[in-house]
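Trainee: with the input below, show me the fold.
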Amino acid sequence: AGRWRRPAAIGAGVVAVVLAGLAVQQGLAARDAYGDADAMVLGGVIQPPHSPADHAAAISRGDGANRNAWLAGSAAVVSAAGAALLSWGSREPAPAR
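Mentor: I've put the predicted structure just below:
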């Protein structure tokens, strides 16, 4: 009963690790995009050669990467929980005494 659970648990664990890595990568991309946007501004004024459109694009990239980081991180948590439940469900029963 449930021989499929152990391989499914391993697969879900691998997916959780990949999604966690993606979340970290997207978090770093968001930080970089927001940093680019901040570097365009000095004293509250967008400095040449940058335009307001450049600044808005950098903020938009940061917002998108931030959203992706949260989605991937949330999916990683759900996948890890699924892996844990599948692993727990695949345990062999204790031998009778």
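
Trainee: residue ranges for the strands of the chain, please.
Mentor: Secondary structure of the chain (DSSP state E): strands at 41-42, 45-46.

Trainee: pLDDT score assigned to the residue most central in space within the chain?
Mentor: For the chain, the residue nearest the mean C-alpha position is A23 (1.9 Å; C-alpha atoms, centre = their mean). pLDDT for A23: 98.

Trainee: quick check: buried residues in stretch 9-18?
Mentor: By neighbour count on 16 or more other C-beta atoms under 10 Å, the buried set for stretch 9-18 is 9, 12-13, 15-16. The way it works is simple: take the backbone N, C-alpha and C, and place the C-beta from them, glycine included.

Trainee: I'd like to know how far R3 sits from G13.
Mentor: 17 Å (C-beta to C-beta, to the nearest Å).

Trainee: picking up where we left off before, any chance of the buried residues of stretch 9-18 in a markdown table, plus distance to G64?
Mentor: A markdown table is the format used below for the buried residues of stretch 9-18 (distance: C-beta to C-beta, whole Å):
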| residue | distance to G64 |
| --- | --- |
| A9 | 32 |
| A12 | 27 |
| G13 | 28 |
| V15 | 22 |
| A16 | 23 |
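
Trainee: so who does the closest residue to I59 other than its chain neighbours touch?
Mentor: Closest residue to I59 apart from its sequence neighbours, by C-beta to C-beta, 6 or more residues apart in numbering: A37 at 5.0 Å. The contact partners of A37, by C-beta atoms under 8 Å, 6 or more residues apart in numbering, come to 55, 58-59, 62.

Trainee: measure A37 to D54 for me?
Mentor: 9 Å.

Trainee: buried sites along the longest helix seen in the chain?
Mentor: Counting residues, the longest helix in the chain under DSSP state H turns out to be helix 52-89. Across helix 52-89, burial judged by 16+ other C-beta under 10 Å covers 55, 58-59, 61-62, 65-66, 68-69, 72-73, 75-76, 79-80, 82-83, 86-87.

Trainee: could you do stretch 20-30 as well?
Mentor: By neighbour count with 16+ other C-beta under 10 Å, stretch 20-30 contains the buried residues 20, 22-23, 26-27, 29-30.
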